[in-house]
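how does the following fold in three dimensions:
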Amino acid sequence: MGIKERREKEKIELRNKIISAAEELFAEAGYQNISMRKIANKIEYSLPTIYQFFKNKGDILFYIYNKNNGKLLYIFQEISNKECNAVEKLKNMSHAYVDFALKNPNYYELAYMSNALRYEENLVYNDKGSSGFRAYDMLLNTVKDCKEQGYFKEKDFEVITQCLWAGIHGLTSLFIAHNEFPWKDKELLIENMIDSLIKS
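Below you'll find the model as predicted:
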């Protein structure tokens, strides 16, 4: 590996280190309580070093949202491209959503439990072209496909989608916020929740 490649690799590693530290701090103390200096202290780098990568903490937040919502969108796309009926796809997406959240608890708490974007007026949350909304649209269209295949009769597909998301989010949030609770088998709870929400 040449000097140029090594430096580029080190830059990527440092940027990822900044992101990981910010996610952890935002989740632990609340986005509004964390400064760029606290992020710099967390990774033991100078404040000017952080500013080489991000202009402010809103810039970090925007990067975190795009990166993680992009991952979730990719997962949904992979599921959607598989050959199976719409209900099976919907269940697979629901399982994948919970799995994604539990594997990325700091991000999930930041994005869906604390809604840090409300502290950054200049960051557009409702951009229909964003990865987050595109992932939601995939879920919405899958529910619509289910209706066309005879499921969810006499029910509005957008209401179904939002109730499904709300139900899965509720269980997921409880797992993350109350990990100390003596839950029964989590996989069984997830399976039962999804089955109860996705039925004709």
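
what ranges of this protein fall below the confidence cut-off?
Within the chain, the stretches with pLDDT under 70 are 1, 123-127, 200.

got the domain ranges for it?
Following automatic domain parsing, one gets these domains for the chain: 1-54, 57-197.

let's have those domains in CSV, adding mean neighbour count.
From N, CA and C alone the C-beta is placed, and that goes for glycine too. As requested, the domains of the chain are arranged in CSV below (neighbours: other Cβ atoms under 10 Å):
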stretch, mean neighbour count
domain 1-54, 15
domain 57-197, 16
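
how far away from the center of its chain is the helix or strand containing Leu189?
Here Leu189 sits within helix 186-197, counting by DSSP states H and E. Distance of helix 186-197 from the chain centroid (Cα atoms, centre = their mean, to the nearest Å) equals 20 Å.

for stretch 96-115, same thing?
Here stretch 96-115 is found 5 Å from its chain centre; the criterion is Cα atoms, centre = their mean.

and for it, what's in contact with it?
For stretch 96-115, the surrounding residues in contact (Cβ atoms under 8 Å, 6 or more residues apart in numbering) are 23-24, 26-27, 30-31, 61, 64-65, 68-69, 71-72, 75-76, 79, 116-117, 168-169, 171-173, 175-177, 190.

so which of those residues are in helices?
Counting by DSSP state H, the part of these found in helices is 23-24, 26-27, 61, 64-65, 68-69, 71-72, 75-76, 79, 168-169, 171-173, 175-177, 190.

all strands for this structure, in order.
Under the criterion DSSP state E, strands are not mapped anywhere in the chain.

re earlier: now for the helix holding Leu189, which elements pack on it?
In this structure, helix 186-197 packs against helix 86-103, helix 157-177, with contacts taken as 3 or more Cβ pairs under 8 Å, 6 or more residues apart in numbering; DSSP states H and E.

which of those helices sits closest to Ser131?
helix 86-103 (12.5 Å; Cβ to Cβ).

okay, the angle between that closest one and helix 157-177?
Taking axes from the mean of the first three to the mean of the last three Cα atoms, to 10 degrees, one finds helix 86-103 and helix 157-177 inclined to each other by 30 degrees.

extract the CA atoms of helix 86-103 and return them as PDB.
Presented in PDB, the C-alpha positions along helix 86-103 are these (Å, rounded to 0.1, in the frame of the first residue of the first chain):
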ATOM      1  CA  ALA A  86     -46.100 -10.000  -0.900                       C
ATOM      2  CA  VAL A  87     -47.100 -11.200   2.600                       C
ATOM      3  CA  GLU A  88     -43.800 -13.100   3.000                       C
ATOM      4  CA  LYS A  89     -41.900 -10.100   1.800                       C
ATOM      5  CA  LEU A  90     -43.700  -7.900   4.400                       C
ATOM      6  CA  LYS A  91     -42.900 -10.300   7.200                       C
ATOM      7  CA  ASN A  92     -39.300 -10.500   6.100                       C
ATOM      8  CA  MET A  93     -39.000  -6.700   6.000                       C
ATOM      9  CA  SER A  94     -40.600  -6.500   9.500                       C
ATOM     10  CA  HIS A  95     -38.100  -8.900  10.900                       C
ATOM     11  CA  ALA A  96     -35.200  -7.100   9.100                       C
ATOM     12  CA  TYR A  97     -36.300  -3.800  10.600                       C
ATOM     13  CA  VAL A  98     -36.200  -5.200  14.100                       C
ATOM     14  CA  ASP A  99     -32.900  -6.900  13.500                       C
ATOM     15  CA  PHE A 100     -31.400  -3.700  12.000                       C
ATOM     16  CA  ALA A 101     -32.500  -1.700  15.100                       C
ATOM     17  CA  LEU A 102     -31.200  -4.200  17.600                       C
ATOM     18  CA  LYS A 103     -27.800  -4.300  15.800                       C
END
